[in-house]
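> my questions concern the predicted model and sequence given below.
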Amino acid sequence: MKNVKIKLPLFPITGVLIAVSMLLSAFSAAAPVQVPAPNESTGEVQQEAGPGEIVLDEKFVDNSNKWDFSTNEYSESVIEDGKLKVRVTGNGKFSHIKPPVDAEDVDISADAQFAKGDSMQYGFLCHYTDKDNYIQAVASTKGSFTIIKKIKSEFSDLVTWNPSNSINKGPDAMNHLRLICGGGHITFYINDTLAADVVDSSLSGGSYRLVAGWPKSDSENSVPVEMNFSNLVVRKPLAWEPSTDFVFSDTFDSKDKAWGLGENDGYTIQLLDGKK
């Protein structure tokens, strides 16, 4: 038996290939794929940082970023196990930890874990010029927070000590803190809940610090205190916008909110012209 070779016409096959090629070209033109440009120095593809350009993203794997751990007689710091561990041995003393990257206005956040001791205050400094001029926002392991400013060695309260149910208390308690300093506003979040937003433009410029301290009120406790910081992210702050996280507001234009109005013991409380 003879082998029979069947030759298919070339035109239909060629036509199909041309049609497929045209469809692929049209699809590519309609939906181009955007590929991030590689970093010129490392060759790695860099993704966009999103809102608020990242200034520092620190996981504390090691000290390759060269944190300044200047030793003194009452505190010591070390990077270990993915944490920045701060130990304060001096009662009434605070440790200001200098970051490897400076920035003036900042949006800074980190996780803070109370590791050892009876009580501790911890958080951030911003507009830090020197040890006598800065703004400090800290939480306490006993469940309260404050914002103060220090100008020419004089302290004054921007927010007095306030209790907060947002603060996790007790041994090994972890709290996520965020401080935004920019546009004349100091905004403090604790575990993603707005703690305070104040307007103050008496200090500007400078940089930021991490801070941990042993309150002087615990003078009877002789055990050194320790705080661990992790997952630190520092961004450039976006333009300030009024917060929508208000718990309560009133324009004092009606009696619907059931204020305690009336006369009592020789004084009168009433609503008049939008005021109480």
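In hand now; what should we look at?
> quick one: the helices in the chain?
10-30 (DSSP state H).
> show residues contacting stretch 216-232.
56-60, 82-89, 91-92, 108-120, 122, 210, 212, 214 (Cβ atoms under 8 Å, 6 or more residues apart in numbering). To be clear about C-beta, it is placed using only N, CA and C from the backbone, and glycine gets the same treatment.
> show the average pLDDT along that stretch.
Here stretch 216-232 scores 82 as its mean pLDDT.
> what's the end-to-end length of that stretch?
End-to-end distance of stretch 216-232 (Cα to Cα, to the nearest Å): 27 Å.
> quick one on the thing from earlier: which of the contacts of stretch 216-232 fall in strands?
56-58, 83-88, 108-116, 122, 210, 212 (DSSP state E).
> filter those residues down to the buried ones and hand me the PyMOL line.
Here is the PyMOL command that selects the buried residues among the ones in strands among the contacts of stretch 216-232 (16 or more other Cβ atoms under 10 Å):
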select buried, resi 56+58+83+84+85+86+87+88+108+109+110+112+113+114+115+116+122+210+212
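> leaving out the residues flanking it, which one is nearest to Asn168?
Leaving aside its sequence neighbours, Asn168 sits nearest to Asn175 (Cβ to Cβ, 6 or more residues apart in numbering; 5.4 Å).
> in the sheet, who's paired with that neighbour?
Ala112 (DSSP bridges).
> do you know the pLDDT at it?
98.
> equivalent analysis for Asn63, please.
94.
> my guess is it contacts Ser77. True?
No: the pair Asn63 and Ser77 does not pass the contact test of Cβ atoms under 8 Å, sitting 10.0 Å apart.
> these two: which has the busier surroundings?
Ser77 (22 against 13; other Cβ atoms under 10 Å).
> residues contacting the more buried one?
Trp67, Phe69, Leu84, Lys85, Val86, Arg87, Ser95, Ile97.
> what two of the residues you listed are the furthest from one another?
Across the contacts of Ser77, the longest distance by Cβ to Cβ is 14.8 Å; it joins Trp67 and Arg87.
> so who does the residue nearest to Asn168 touch?
Counted by Cβ under 8 Å, 6+ apart, Asn175 has contacts Asp111, Ala112, Gln113, Ala139, Ile167, Asn168, Ile190, Asn191.
> list the contacts for the first one?
Spelled out, it's Asp111. Met174, Asn175, His176, Leu177, Phe229, Ser230, Asn231.
> same thing but at 10 Å, please
Lys83, Met174, Asn175, His176, Leu177, Asn191, Asn228, Phe229, Ser230, Asn231, Leu232 (Cβ atoms under 10 Å, 6 or more residues apart in numbering).
> per-residue pLDDT, the first one?
So that's Lys83. At Lys83, the pLDDT recorded in the model is 97.
> surely it touches Met174?
No: the pair Lys83 / Met174 is not scored as a contact, 11.0 Å apart, by Cβ atoms under 10 Å.
> which neighbours do the two share?
Applying Cβ under 10 Å, 6+ apart, one finds that Lys83 and Met174 are jointly contacted by Asp111, Ala112, Gln113, Asn228, Ser230.
> ok, so of these, who is nearest Glu104?
Ala112 (23.0 Å).
> check contacts around the closest one.
Applying Cβ under 10 Å, 6+ apart, the residues contacting Ala112 are 83-84, 86, 120, 122-124, 138-139, 141, 168, 173-177, 190, 210, 212, 227-232.
> alright, calling it a day.
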